[in-house]
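Asker: Return a 3D structure for these sequence lines:
(one chain, ligands or ions: 1)
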Amino acid sequence: MAKRQAVKPVEEVMDSEETSSTIVEEMMDDEFAFGSGSEGEEEILPFERKAALRIAQQVAEADGAEKELATAVSADEEGRYDFTMDMGSDLEAVHQRFLKIVHTLQVFKDRRALHLKRTDYLSQLALDLSVYYGYSEWHISMLLELFPPVELIDYLEANEKPRPLVLRANGLKTKRGELARSLIARGVDLDPVGDWTREGLHVYKSQVPLGATPEYLLGHYLIQDAASFLPVLALGAKPGERVLDMAAAPGGKTTHIGQFMKNEGTLLANDVNEDRIPSLLANIQRLGICNCVVTNYDGRNLTKIIGATLDRVLLDAPCTGLGTVSRDPTAKVSKDGTDVLRMAHLQKELALAAIDMLKVGGSLVYSTCSITVPENEAIVDYLLKYRHVKIQPLPEAIQFGRPGLVNFRGKRFDASIKHARRVYPHTHNMLGFFVCLLVKTEPGVKGKRPDGSGPPKATVPKMKRKPRPMPNKRI
Ligand SMILES: C[S@@+](CC[C@H](N)C(=O)[O-])C[C@H]1O[C@@H](n2cnc3c(N)ncnc32)[C@H](O)[C@@H]1O
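Answerer: As a prediction, this is how the structure comes out:
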């Protein structure tokens, strides 16, 4: 396989990220900067100083990898590149061919063989990348619509490496510094995640199983990808509020919301999948969240029960998971366009119901661990058409992702979608994730049905059966 390129740490990427994606036409102004994290200041610890050294090493490695790529390509720099004369099928031949195709696409006028069109190069590239990295051709074609070819290779390489293991310190029971000291004493090598959170710890090496330490069992931390922090930081729940986590299991984000609420107010955690409720309950209990009610409904039916009474809703929506390939390589081949459309349909229904449960002035965070546009920007665009909602910028500290796409394959979305954020493994060293914050400005529905026949359907579908009372557990 290819020599792995070092993944840039999020701090470095945030400072230097180029706007290389050709489909991102409306990039944000340079208005974003780091802010403080969500919790109080802590003293600077020795392990925090070590982070600077690690980052410098990763930057040096990344430079080296880029030079290697350039050398591989320059071997054929004389003359035009006709891939049809270069059809070796072993992996190294495929690797060399796609590097040359990527290079040719970058200087197309000078390097293309005159009888070949751009689409010929792109088709061969899709084929080669799917063979080399083991993705379905559909998946690679979807990625080629999102990233320019040279960036796509970075993305695919980043997916070949696991993302760093991240712990979230539970502020209800400990402080990050205290937790770090205890784990270091047990032989865990760790660093803080970044300036944007005061809760996260990257784990590099551990001599103990992190899911079985006394600190874990006491609920001092939860194991979670860094990207999963973002929706909850965007939601910004406060003590005393009434908050719903609409698709909550296994509770990574519910327990994080609970930290923000400091056990005051009401936290509703719902999930349709009964099999996932025990792990949701276990996490809530272990992390010491005492103001939480767990329910087991289809989120689309919750409006009937809850009404428009909520201050905040998190919809961390069911999705194709196409941002999580580095954690689950089966996603390389297991999903296709039909799955995306099926999910998008459910996501729209859930998101409309979420808005209908908010008070005017209440906020919704819509997030997915997928990077496809139909599951993200297209959903938010739909919400803007059929409900009275406005998109808000995310809190300053977490504005480091790429802006939501407002122009994709000839389709224009509402310009305010630029305030949503996308993070990727190759740019932010996190799973691929989408996060958008919306505020409800008026009650009721707006606009027409998608077929133009009248106002959109009420979000409360007829319930097929009575909700079961059993799974509502107060803990
Ligand atoms: C991305 S996962 C949620 C992860 C969770 N937020 C966390 O951080 O641990 C999506 C969840 O949506 C749930 N789900 C799927 N369809 C649903 C529906 N119609 N109503 C409520 N939950 C649903 C799934 O069971 C799954 O647990």
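Asker: Could you list the residues of the chain in contact with the ligand?
Answerer: Residues of the chain that fall close to the ligand, judged by Cβ under 6 Å from any ligand atom: 228, 247-253, 270-273, 276, 298-300, 316, 318, 350. Just so you know, the C-beta spots here come from the backbone N, C-alpha and C atoms, and that holds for glycine as well.
Asker: Show me how to select, in ChimeraX, the buried members of those residues.
Answerer: Buried members of the residues of the chain next to the ligand, defined by 16 or more other Cβ atoms under 10 Å, are picked up in ChimeraX with:
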select :228,247,248,249,250,251,252,253,270,271,272,276,298,299,300,316,318,350
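Asker: Just the ones of the residues of the chain next to the ligand in strands?
Answerer: 270, 316 (DSSP state E).
Asker: Please, which helix or strand holds Pro388?
Answerer: Slight slip there: residue 388 is His, not Pro. strand 387-392 (DSSP states H and E).
Asker: Note down every partner strand of that strand and its orientation.
Answerer: strand 433-445 (antiparallel) (DSSP bridges).
Asker: which parts of the partner strand are buried?
Answerer: 433-440, 445.
Asker: where does this structure dip in pLDDT?
Answerer: Along the chain, the parts satisfying pLDDT under 70 run over 1-78, 448-475.
Asker: again, only using 50
Answerer: 1-44, 51-52, 55-56, 58-59, 62, 70-71, 73-77, 458-475 (pLDDT under 50).
Asker: Quickly list the domain ranges of it.
Answerer: 10-27+61-159, 162-225, 227-474 (automatic domain parsing).
Asker: Mean neighbour count, those: which tops it?
Answerer: domain 227-474 (a mean of 20; mean count of other Cβ atoms under 10 Å).
Asker: now the helix or strand harbouring Lys385, how far from the chain's geometric center?
Answerer: Using DSSP H and E, Lys385 maps to helix 377-386. Centre-to-centre, helix 377-386 and its host chain are 18 Å apart (Cα atoms, centre = their mean, to the nearest Å).
Asker: Ok, stretch 268-288 next?
Answerer: On Cα atoms, centre = their mean, the centre of stretch 268-288 falls 21 Å from the chain's centre.
Asker: got a list of contacts for that stretch?
Answerer: 170, 172-173, 217-219, 222, 242-252, 254-255, 258-259, 263, 292-299, 302, 306, 471, 473, 475 (Cβ atoms under 8 Å, 6 or more residues apart in numbering).
Asker: Just those: which are in helices?
Answerer: 217, 252, 254-255, 258-259, 302, 306 (DSSP state H).
Asker: how about the CA coordinates for the strand holding His388, as PDB?
Answerer: Listed next in PDB are the C-alpha coordinates belonging to strand 387-392 (Å, rounded to 0.1, in the frame of the first residue of the first chain):
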ATOM      1  CA  ARG A 387     -40.100  25.800   8.800                       C
ATOM      2  CA  HIS A 388     -39.500  29.300  10.300                       C
ATOM      3  CA  VAL A 389     -35.900  28.700  11.300                       C
ATOM      4  CA  LYS A 390     -32.600  30.600  10.900                       C
ATOM      5  CA  ILE A 391     -29.100  29.300  10.700                       C
ATOM      6  CA  GLN A 392     -26.700  30.600  13.300                       C
END
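Asker: Next, His115: phi, psi?
Answerer: The phi/psi pair for His115 (degrees, to the nearest 10) reads phi -90, psi 0.
Asker: Then Lys411?
Answerer: Taking degrees, to the nearest 10 as the convention, Lys411 sits at phi -100, psi 130.
Asker: start at 28 instead
Answerer: Fine by me, first position is 28 from now on; the one you just mentioned is Lys438.
Asker: That one pairs with what?
Answerer: Bridge pairing for Lys438 - DSSP bridges - gives Phe435.
Asker: Next, find the distance separating it from Asp408.
Answerer: 9 Å (Cβ to Cβ, to the nearest Å).
Asker: Then Ile444?
Answerer: Separation of Ile444 from Asp408 (Cβ to Cβ) stands at 6 Å.
Asker: now do Leu192
Answerer: 35 Å.
Asker: ditto for Leu141
Answerer: Counting by Cβ to Cβ - Leu141 and Asp408 are separated by 41 Å.
Asker: now swap in Lys265 and tell me
Answerer: 29 Å.
Asker: what secondary structure does Val352 sit in?
Answerer: Secondary structure for Val352, judged by DSSP: H, G, I helix; E, B strand; the rest coil, is coil.
Asker: which one is it nearest to, not counting chain neighbours?
Answerer: Among residues not flanking Val352 along the chain, Asn186 sits closest, at 4.4 Å (Cβ to Cβ, 6 or more residues apart in numbering).
Asker: Could you verify my assumption that the one you found touches Pro452?
Answerer: Yes: Asn186 is within contact range of Pro452, at 5.9 Å (criterion: Cβ atoms under 8 Å).
Asker: Can you work out which residues contact both of the two?
Answerer: With Cβ under 8 Å, 6+ apart as the test, Asn186 and Pro452 both reach Ser353.
Asker: quick one, what contacts the residue of the stretch 378-502 of the chain found nearest the ligand?
Answerer: Residue of the stretch 378-502 of the chain nearest the ligand, by Cβ to the nearest ligand atom: Cys396 (6.1 Å). By Cβ under 8 Å, 6+ apart, the contact list for Cys396 reads 254-255, 346, 348, 350-351, 458-460.
Asker: Relative to Leu295, how far out is the nearest residue to Asn297 once chain neighbours are set aside?
Answerer: Spatial nearest neighbour of Asn297, chain neighbours left out: Thr322 (4.5 Å); criterion: Cβ to Cβ, 6+ apart. For Thr322, the distance to Leu295 equals 7 Å [Cβ to Cβ].
Asker: and the one helix or strand His229 maps to, which strands flank it?
Answerer: According to DSSP H and E, His229 maps onto strand 227-233. If you go by DSSP bridges, strand 227-233 pairs up with strand 192-196 (antiparallel), strand 215-219 (antiparallel).
Asker: now what about that strand, what contacts it?
Answerer: With Cβ under 8 Å, 6+ apart, strand 227-233 has contacts from 191-196, 203, 206-207, 210, 213-221, 237, 248, 253, 256.
Asker: if you set the cut-off to 10 Å instead, what comes out?
Answerer: 36, 64, 74, 77-78, 81, 190-196, 203, 206-207, 210, 213-221, 237, 240, 248, 250-253, 255-256, 456 (Cβ atoms under 10 Å, 6 or more residues apart in numbering).
Asker: Redo the strands paired with strand 227-233 as TSV? Include distance to Pro401.
Answerer: Below are the strands paired with strand 227-233 laid out as TSV (distance: least, Cβ to Cβ, whole Å):
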stretch	distance to Pro401
strand 192-196	28
strand 215-219	36
